[in-house]
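S.K.: 3D, please:
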Amino acid sequence: MSIAERSTEEFVAGGELGRLDWPAVRLRVRGLRTGFIVNGAHRPIVSGVSFDLLPGQCVAIVGESGSGKSVTARSLVGLAGPGATVEADALEVHHEDARSFTERQWRRVRGRDIGFVLQDALVSLDPLRPVGAEIAEALRLHRWGDRAARKARVLELLERVGVPAPAIRARQRPDQLSGGLRQRALIASAIALDPDIVIADEPTTALDVTVQAQVLAQLEAMKERGASIILISHDLSVVARLADHILVMRGGEVLEQGSAERVLAAPENEYTRALIAAVPGEATRGRALTPGAPAQAPRLPIGEPVLEARDLVKRFHTSDGTVTRAVDGVSFILHAGETLGIVGESGSGKSTTAKLALGLERLDAGDVRLLGREWSSLPESRRRVLRRRISVVYQDPLSSFDPRWTVERILLDALRAESFATAAERDARVRELLAHVGLGEDALPRFPLRLSGGQRQRVAIARALAPRPDVIVLDEAVSALDVTIQAQILDLLVALQRESGVAYLFISHDLGVISHLSDRVLVMKDGRVVEEGTAEDVFERPQQPYTRELIAAIPEFAPGADSTTPLSETPLSAIPEGNA
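M.R.: I've put the predicted structure just below:
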């Protein structure tokens, strides 16, 4: 039995981990408790987290937003935040008791012994200075080498994490780098002093599948060199690729933990089973993702074309005078009741294609027709009449809502073009929209900031449905959501389509979501469509090398047969907190 398996067995059998005296244990956590003082009262966020971290091991902490994952990670390095209280029965870094560390002692540990990789590299890196200077700063603060040595070390680190042309990239600011290069630069900064513990908090969220694969490859290489990794993620496919040991958290508590193989193949907790069942992909096509979801209505037949794009071209002029074709000859036809998925890496032209279809960007060439009529060639004054026939749902609805408006006002504004005989009829339509997306009347007086991410996305969908459109464009509409909330939204979209026959143009970098939801798929690269066909053909019989590369880059996730079949018909939202 391995150390990881032994510690898991002790946790399950004894209620808490026994003390492991192997000198190999780099981080020992027992009974970690973190809370915050809110309005004079103590609010617990993390309760009783326990695990060991060993050389060359990856311990993953998974769960929904608000489960306590990130607070746990930050508590382990003295970064829980102002107003936080952190207690533990044991918190040892290299057998040194860290419970009484001062901020000065934590600064000594961070970077040297523990590296921290955050989710959003664009925010985490200083936007005003080159990434090379940022990496060198981590070395300077720990008095590593002289200036020449630090410069050489920066280039060595960038090369190690797979950044091409490191001498050039080191001189560039974060906004001049792609998402993948920024994330790798952040990893380089975190490992500058070769810490043997690395905490990676959602390091691949919102990255396209190929960039995600590159970042995961770097983390795997660190493991192979003997580094210990704590991975915080809600993406079980990523966890399945890296983790040796998994903790499943909900409501600040660990509901289940054990070896990755055991937790993913034979989960014991109902909540863990629901998490695994909610992961979309080829195997889930045609079935609901949420336990207890009502049976899906029969599918409406595919209807007439509702959106047609012919040879779309969009050029952008850059500051250095060059011209880039963001979209180069893209054509497609979307039918009523159909979902057309568009996939590709960042910069492939997906979102620009969506904006062209919506009439939000001016075409340089080509034509878009809506419901068989001219659309892209019309002046905006004439397009306005047809606008209600095509709606949009964005990745971050919060940025598209007026934060001063309640949910009721947001929906009333979306209905402004509709005519109602009485105010009572109009109010009834607002409540009908909320019911369609699974929200109650109690949401009406609330402001967007007071809603969860999943609730906001439901309001965004209700707003898109308000004018009874024939087409809804969804641009990365579920990519920032937890897997369980994502599952609920995807089930909702399927149900709405089967009720109304609405057509979806679904833009995403998540191939699992596209495979689950789409009837047909367009694969884009460098502004062009390189492959198209049914979802089954594209994912099971890809013809183009690029498509095969994309599919090969998807982290493999093959849970045990029982884990994808929920043992209870209880909806996920009804599973009580702390259920074990």
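
S.K.: could you measure Gln457 against Leu474, distance?
M.R.: 10 Å (C-beta to C-beta, to the nearest Å). In short, each C-beta sits where N, CA and C put it, glycine included.

S.K.: Give me the residue ranges of the stretch 251-400 of the chain where confidence is low.
M.R.: Judged by pLDDT under 70, the stretch 251-400 of the chain has its weakly predicted residues at 319.

S.K.: Okay, helices next: where are they in it?
M.R.: Under the criterion DSSP state H, counting those that start in this stretch, helices of the stretch 251-400 of the chain are mapped to 260-265, 270-277, 350-358, 380-383.

S.K.: same for the second one, what does it pack against?
M.R.: Just to be clear, that refers to helix 270-277. Applying 3 or more C-beta pairs under 8 Å, 6 or more residues apart in numbering; DSSP states H and E, one finds that helix 270-277 contacts strand 245-250, strand 253-259, helix 483-500.

S.K.: and it with strand 245-250, angle?
M.R.: If you take axes from the mean of the first three to the mean of the last three C-alpha atoms, to 10 degrees, helix 270-277 sits at 110 degrees to strand 245-250.

S.K.: next one: the third one
M.R.: Using the same axes, to 10 degrees, the inter-axis angle of helix 350-358 relative to strand 245-250 is 40 degrees.

S.K.: Mutual contacts of Gln457 and Leu474, please.
M.R.: Val393 (C-beta atoms under 8 Å, 6 or more residues apart in numbering).

S.K.: my read: Leu493 touches Val502, true?
M.R.: No: using C-beta atoms under 8 Å, Leu493 makes no contact with Val502, being 9.0 Å away.

S.K.: any idea how far the spatially most distant residue from the centre of the chain is from Arg429?
M.R.: Most distant residue from the mean C-alpha position of the chain: Ala421, 43.3 Å away (C-alpha atoms, centre = their mean). As judged by C-beta to C-beta, Ala421 and Arg429 stand 11 Å apart.

S.K.: Please, where are all the strands along the stretch 51-200 of the chain?
M.R.: 58-62, 84-87, 90-93, 96-97, 114-117, 197-201 (DSSP state E, counting those that start in this stretch).

S.K.: Glu338: which of those strands is closest?
M.R.: When the strands of the stretch 51-200 of the chain are compared by C-beta to C-beta, strand 58-62 sits nearest Glu338, at 34.0 Å.

S.K.: That closest one - which strands sit beside it in the sheet, and in what orientation?
M.R.: Strand 58-62 has its sheet partners listed here by DSSP bridges as strand 228-233 (parallel), strand 245-250 (parallel).

S.K.: Neighbours of the nearest residue to Phe401 once chain neighbours are set aside, how many?
M.R.: Take Phe401 and drop its neighbours on the chain: the residue closest to it by C-beta to C-beta, 6 or more residues apart in numbering is Pro448, 4.4 Å away. Neighbourhood size, Pro448 [other C-beta atoms under 10 Å]: 21.

S.K.: ok, now the one 4 residues further on?
M.R.: By other C-beta under 10 Å, 14 other residues sit near Ser452.

S.K.: hang on, the earlier thing: what score does the residue farthest from the centre of the chain have for pLDDT?
M.R.: Ala421 carries a pLDDT value of 86.

S.K.: What's the separation between it and Ala435?
M.R.: Look at Ala421 and Ala435: by C-beta to C-beta, they are 21 Å apart.

S.K.: Next up, the contacts around the closest residue to Glu282 other than its chain neighbours.
M.R.: Nearest residue to Glu282 in three dimensions, chain neighbours excluded: Ser515, at 4.8 Å (C-beta to C-beta, 6+ apart). Going by C-beta under 8 Å, 6+ apart, Ser515 touches Pro280, Gly281, Glu282, Arg285, Ala535, Phe539.

S.K.: just Arg458 next, same as before
M.R.: The neighbours of Arg458, taking C-beta under 8 Å, 6+ apart as the test, are Val437, Gly438, Leu439, Ile489, Leu492.

S.K.: Which SSE is immediately downstream of the helix or strand bottoming out on mean pLDDT in the chain?
M.R.: Lowest by mean pLDDT, DSSP states H and E among the helices and strands of the chain is helix 3-14, with a mean of 37. Next along the chain after helix 3-14, taking DSSP states H and E as the criterion, comes strand 27-38.

S.K.: Just checking: what are the partner strands of that following strand?
M.R.: strand 41-53 (antiparallel), strand 84-87 (antiparallel), strand 90-93 (antiparallel).

S.K.: So what's the model's average confidence on that strand?
M.R.: Mean per-residue pLDDT for strand 27-38: 94.

S.K.: How about stretch 465-475?
M.R.: The average pLDDT within stretch 465-475 is 94.

S.K.: neighbouring contacts of it?
M.R.: Against stretch 465-475 from outside (C-beta under 8 Å, 6+ apart): 306-307, 334, 336, 350-351, 354, 357-358, 370-371, 387-395, 411, 414-415, 417-418, 429, 433, 436-437, 464, 493, 496, 500, 502-508.

S.K.: Which residue ranges of the stretch 451-580 of the chain form strands?
M.R.: 471-475, 503-507, 520-525, 528-534.

S.K.: So what angle separates the directions of the longest one and helix 350-358?
M.R.: Strand 528-534 and helix 350-358 meet at an angle of 80 degrees, taking the same axes, to 10 degrees as the criterion.

S.K.: In terms of helices and strands, where is the closest residue in space to Gly56 that isn't next to it in sequence?
M.R.: Leaving out its chain neighbours, the residue that sits closest to Gly56 by C-beta to C-beta, 6+ apart is Gly226, at 5.1 Å. Assigned by DSSP H and E, Gly226 belongs to no helix or strand.

S.K.: Use 26 as the first number for this chain going forward.
M.R.: With the count now opening at 26, the last piece we talked about shows up as Gly251.

S.K.: count of residues packed around Gly251?
M.R.: Counted with other C-beta under 10 Å, the neighbours of Gly251 add up to 10.

S.K.: Quick one: residues contacting it.
M.R.: For Gly251, the contact set (C-beta under 8 Å, 6+ apart) comprises Pro80, Gly81, Asp221.

S.K.: Please render those residues as CSV that adds distance to Lys339, pLDDT and neighbour count to the earlier fields.
M.R.: CSV is the format used below for the contacts of Gly251 (distance: C-beta to C-beta, whole Å; pLDDT from 0 to 100; neighbours: other C-beta atoms under 10 Å):
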residue, distance to Lys339, pLDDT, neighbour count
Pro80, 51, 94, 14
Gly81, 48, 94, 15
Asp221, 48, 92, 20
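
S.K.: quick check, nearest of these to Leu232?
M.R.: The closest of these, once distances to Leu232 are taken by C-beta to C-beta, is Gly81, at 24.6 Å.

S.K.: wait, isn't that closest one in contact with Glu249?
M.R.: Yes: here Gly81 reaches Glu249: they are 7.4 Å apart, a contact under C-beta under 8 Å.

S.K.: filter the contacts of stretch 490-500 to the buried ones?
M.R.: The neighbour-count criterion (16 or more other C-beta atoms under 10 Å) marks 331-332, 359, 361, 375-376, 379, 382-383, 395-396, 413-420, 436, 439-440, 454, 458, 461-462, 489, 518, 521, 525, 527-533 among the contacts of stretch 490-500 as buried.

S.K.: For Ala442, which residues are in contact?
M.R.: Counting by C-beta under 8 Å, 6+ apart, Ala442 makes contact with Arg413, Pro492.

S.K.: can you rerun that using 6 Å?
M.R.: Arg413 (C-beta atoms under 6 Å, 6 or more residues apart in numbering).

S.K.: Just say helix, strand or coil for it.
M.R.: Following DSSP: H, G, I helix; E, B strand; the rest coil, we place Ala442 in the coil state.

S.K.: what pLDDT does Arg132 get?
M.R.: In this prediction, Arg132 carries a pLDDT score of 89.

S.K.: Quick check: the gap between it and His120.
M.R.: Taking C-beta to C-beta, one finds Arg132 at 20 Å from His120.

S.K.: Low-confidence bits of the stretch 76-225 of the chain, can you list those?
M.R.: Residues of the stretch 76-225 of the chain that meet the criterion pLDDT under 70 lie in 144-148.
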